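Asks: would you be able to build a 3D model of this:
(2 chains)
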2 protein chains.
Amino acid sequence: MAVSAYKPLNVETLGARLGSVPALRDTLGDPAGWRVREVGDGNLNLVFIVESDAGGLIVKQALPYVRLVGESWPLPLKRSFFEYHALRRQAARDPGRVPEVVHFDESQALIVMEFLTPHVILRHALIEGRMPPKTATDLGLFMARTLFRGSDLSMAARERKADLALFADNVELCDITENLVFTDPYFAAELNRHTSPQLDGLVAQIRADTALKMEAQRLKHVFATSAETLVHGDLHSGSIMVTDDDTRVIDPEFAFYGPMAFDVGMLFANFWMSFFSQRGHEQAGSRSKQRNWLLGVISGTWSTFQAEFERLWMTERNGMLYARSLFEDQGDDAGAAKSLARLMTQLEQDLFGFAGVEIHRRILGLAHNADFETIENEDLRAGCETNALNFGSEIIRRAKNGLTIAAANALARDIEAGGGAGR
Amino acid sequence: MAVSAYKPLNVETLGARLGSVPALRDTLGDPAGWRVREVGDGNLNLVFIVESDAGGLIVKQALPYVRLVGESWPLPLKRSFFEYHALRRQAARDPGRVPEVVHFDESQALIVMEFLTPHVILRHALIEGRMPPKTATDLGLFMARTLFRGSDLSMAARERKADLALFADNVELCDITENLVFTDPYFAAELNRHTSPQLDGLVAQIRADTALKMEAQRLKHVFATSAETLVHGDLHSGSIMVTDDDTRVIDPEFAFYGPMAFDVGMLFANFWMSFFSQRGHEQAGSRSKQRNWLLGVISGTWSTFQAEFERLWMTERNGMLYARSLFEDQGDDAGAAKSLARLMTQLEQDLFGFAGVEIHRRILGLAHNADFETIENEDLRAGCETNALNFGSEIIRRAKNGLTIAAANALARDIEAGGGAGR
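Replies: Prediction:
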């Protein structure tokens, strides 16, 4: 396909513009029979479902600005390039867990991929009270495999550094995270919003908390400089699609070489937010079972992650870090095991920090979560958000003191039950 | 100058090959009057002094292999490109502290720069018992300025990330550090050597110390992934030239985006090694004054570094980390000050780890120091090395427990006085 000037697609032009691309034609047949819908409900891109009697595909095209905000906030099209490259690497590292890409057009910032059906966005499923049974296992494996296999524990250093250089150009997307997650929520930044006046007092308290701001900036420093592995970079329940039998991870356009704990922390934060939001969706019946299930997903994801990471540590530790020549080859198997344990402890500490700031930014910053936003009664919503904010502050505070996933889950239960932040 | 195939210079061909380059001709005049000497005493490169009645210049050319080992260990010429780019950035960040570059030829892997005279290599000066008075001040300022100004505390994130990507290609030189510093010394790697049999027992003990190996690998992980700033990457007393009035930092071909603490730790390690080696150079009189002076250089460099870093923190903190909008603009000056203090504490912790492994590798690994190597009496040398090795192990061990520069200097004195590692 010839390189041509970028132009956004729409439902009318899509068939004419992509009808001759073999990868689409092979799946969908003659474009005369294509049915096109635009379904992008995210913050950044155009997303089309293209169906015919023969099958379906997703066409995702970047827009040159932030869709949520408008043309006043330009955002480069090259994020599509990073998404494509991240999808390829993730598919190689954990086969079957990301949508299959059938066509990529860099100049049009356009990725054509597998139409996942009857998958739904995990966040919506959780709001509806559904409990997709494979969530913990699939996501634990996905994180362990992608994070381990993209790191110096596994990759040849030369390849990792070349890949790091490639993704270092994903500046604008990193910049969004750097500002919207780590800085803006902690002062009265222009684009911030929160449920007001109910949260005004707590928000003022958070923004006056020097220790919290310092920790958020320390985490920003880690985020920006700790190039451990290729992270997804936006791994929340809105970037996951599920059925009862399948889990898929989508939308890795924020991918870059960053700290392992970032993906894990962001994912868990979104489960904890779902936990605290359940009260707001309880009209149709009690959500206690759902709450228990959510905490179980967190502990299950974590234990699956740890077990798989350990398996990879034992069987695929072929990178330059913690070389066998220093441990197993010297008969020091215990040294290798202790090294892994220390790495996991460090990861557990860092993930709480990242989880805490993710919770804060989703309630105080620009980009809010449907979990809370769909709670129409503002007092009820504010109550849920208050619990989540307090939980976030508390796990940031306790991260350094050996907080564990089990203890964090217990804290969440305690706060939800009205026991406060347990200070 | 036309791009031509790489060919190593020699004293006979240099005049003919570089005689038409304006930058050389301007300084040195007609090549017929050039006097050329090869003086490279380092491990990697050709270094020529070219003098005429009009002036002098240094011509440094990379060889496609490790000079210390031979052609069996190839090393890419592109390290010259990284050295050139590092010199430019360092010159901008701390003007006057690196040699001025007058000509760079990428295809010949050749840098022509200011001939520093009557400068001598700091390591040789220290072995001779000299005490160049500007050492601490100049090096403290150099490290503070280059490390701060190359970080997200100062640079625009976009520029830092582009620069990080550029230097990420300096893979082979990083690989040398990664293996020779952090891994090889801790097992019986082929290229290792040590003073034997005197050190055999201690070496075996170090290589059997699981905690030490784990910490060395943790530090390797930090070295390889913590892309905080453009570090010199090889900042020891052999990369510094001095007179009584001037200090210059040379040879930044190992430059890459790494942890700030690496440069500081390596430099201090080399001062501590000089301290422990003095006993071996004491034939011509006592070196107690020199020992005191060396510890004073370490504490003086550190206090200059901290003061300058603080000045830059207050006046040039324009990067994305610890933004004023969160602290000073909220009237929270104390928060900014506490953040700096925490950063310095973290840096102090990490530098001890890096210093410890640098000491170990210089005695147990491939590349030894003239400080010890010039001690001809092997028992005497082994005694000096034993003290240094024990000091190295001990500062690695104590790094996590709030070890300070003052306490490390006290430990060094204690070990030198025969008080052991103070365990």
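
Asks: can stretch A:352-370 be said to contact chain B?
Replies: No. Against chain B, stretch A:352-370 shows no contacts by Cβ under 8 Å from any Cβ of the partner chain, the least distance being 12.6 Å. Backbone N, C-alpha and C define where each C-beta goes, glycine included.

Asks: show me how far that stretch is from its chain's centre.
Replies: Put simply, stretch A:352-370 sits 12 Å off its chain's centre (Cα atoms, centre = their mean, to the nearest Å).

Asks: scan chain A for its longest helix.
Replies: Longest helix in chain A by number of residues (criterion: DSSP state H): helix A:333-364.

Asks: can you show me the CA trace of the helix or strand that comes right after it as CSV?
Replies: Of the helices and strands lying after helix A:333-364 in sequence (DSSP states H and E), the nearest is helix A:370-373. Written as CSV, here are the backbone C-alpha positions of helix A:370-373 (Å, rounded to 0.1, in the frame of the first residue of the first chain):
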residue,chain,number,x,y,z
ALA,A,370,-16.7,4.7,34.9
ASP,A,371,-16.8,2.7,38.1
PHE,A,372,-17.4,5.9,40.1
GLU,A,373,-18.7,8.1,37.3
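
Asks: next, the buried residues of helix A:370-373.
Replies: Across helix A:370-373, burial judged by 16 or more other Cβ atoms under 10 Å in any protein chain shown covers A:370, A:371, A:372.

Asks: could you do stretch A:310-318 as well?
Replies: A:310, A:312, A:313, A:317.

Asks: closest one to chain B out of those, please.
Replies: residue A:317 (11.2 Å; Cβ to the nearest Cβ).

Asks: for the closest one, give me its contacts.
Replies: A:153, A:154, A:324, A:336 (Cβ atoms under 8 Å, 6 or more residues apart in numbering or on different chains).

Asks: again, but for residue A:217
Replies: Per Cβ under 8 Å, 6+ apart, neighbours of residue A:217: A:182, A:183, B:321, B:322, B:323, B:326, B:339.

Asks: for those residues, give me JSON lines that also has pLDDT.
Replies: Listed next are those as JSON lines, based on pLDDT from 0 to 100:
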{"residue": "A:182", "pLDDT": "97"}
{"residue": "A:183", "pLDDT": "96"}
{"residue": "B:321", "pLDDT": "97"}
{"residue": "B:322", "pLDDT": "98"}
{"residue": "B:323", "pLDDT": "96"}
{"residue": "B:326", "pLDDT": "96"}
{"residue": "B:339", "pLDDT": "98"}
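
Asks: and the residues you listed, which of them are in strands?
Replies: Among the contacts of residue A:217, none falls in strands (DSSP state E).

Asks: around chain B, pick out the residues from the stretch 51-200 of chain A.
Replies: Residues of the stretch 51-200 of chain A lying near chain B by Cβ under 8 Å from any Cβ: A:152, A:157-158, A:161-162, A:164-166, A:168-169, A:171, A:174-175, A:178-179, A:183, A:186-187, A:189.

Asks: and the longest helix of chain A, which residues are buried?
Replies: A:335-336, A:338-340, A:343-344, A:347-364.

Asks: farthest pair in the contacts of residue A:317?
Replies: Taking Cβ to Cβ, the two most distant members of these are A:154 and A:336; they sit 14.7 Å apart.

Asks: show me where chain A has strands.
Replies: Using DSSP E, strands in chain A cover A:35-38, A:45-52, A:55-62, A:65-66, A:70-74, A:101-105, A:110-114, A:120-121, A:229-231, A:240-242, A:247-249, A:256-258.

Asks: could I get these as a markdown table with mean pLDDT?
Replies: Formatted as a markdown table, the strands of chain A follow (pLDDT from 0 to 100):
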| stretch | mean pLDDT |
| --- | --- |
| strand A:35-38 | 96 |
| strand A:45-52 | 96 |
| strand A:55-62 | 96 |
| strand A:65-66 | 86 |
| strand A:70-74 | 87 |
| strand A:101-105 | 98 |
| strand A:110-114 | 98 |
| strand A:120-121 | 96 |
| strand A:229-231 | 98 |
| strand A:240-242 | 98 |
| strand A:247-249 | 98 |
| strand A:256-258 | 97 |
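
Asks: quick one: contacts of stretch A:286-294?
Replies: By Cβ under 8 Å, 6+ apart, stretch A:286-294 touches A:126, A:129, A:131, A:271, A:272, A:274, A:275, A:278, A:279, A:281, A:416.

Asks: now that stretch: average pLDDT?
Replies: Confidence for stretch A:286-294, expressed as mean pLDDT, is 94.

Asks: off-centre distance for it?
Replies: For stretch A:286-294, the distance to the chain centre is 22 Å (Cα atoms, centre = their mean).

Asks: Produce a ChimeraX select command limited to the buried residues of the residues of the stretch 51-200 of chain A next to chain B.
Replies: A single ChimeraX command selects the buried members of those (16+ other Cβ under 10 Å):
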select /A:152,157,161,164,165,166,168,169,171,174,175,178,179,183,186,187,189
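
Asks: any stretches of chain A with poor pLDDT?
Replies: Scanning chain A for pLDDT under 70 picks out the ranges A:1-3, A:42, A:284-285, A:420-423.

Asks: break it into its domains for me.
Replies: A:14-114, A:120-416 (automatic domain parsing).

Asks: tell me what the residue nearest to residue A:132 when sequence neighbours are not counted is bridged to.
Replies: In space, residue A:132 comes closest to residue A:242 once its chain neighbours are excluded; the distance is 4.1 Å by Cβ to Cβ, 6 or more residues apart in numbering or on different chains. In this entry, residue A:242 is beta-bridged to residue A:120, residue A:247, by DSSP bridges.

Asks: contacting residues for residue A:242?
Replies: Residue A:242 neighbours (Cβ under 8 Å, 6+ apart): A:119, A:120, A:122, A:125, A:132, A:134, A:135, A:248.

Asks: same question, residue A:144
Replies: Here residue A:144 is in contact with A:304, A:305, A:306, A:307, A:308, A:309, A:312 (criterion: Cβ under 8 Å, 6+ apart).

Asks: my guess is the first one contacts residue A:137. True?
Replies: Yes. Proximity of residue A:304 to residue A:137 meets the contact threshold set by Cβ atoms under 8 Å, at 5.4 Å.
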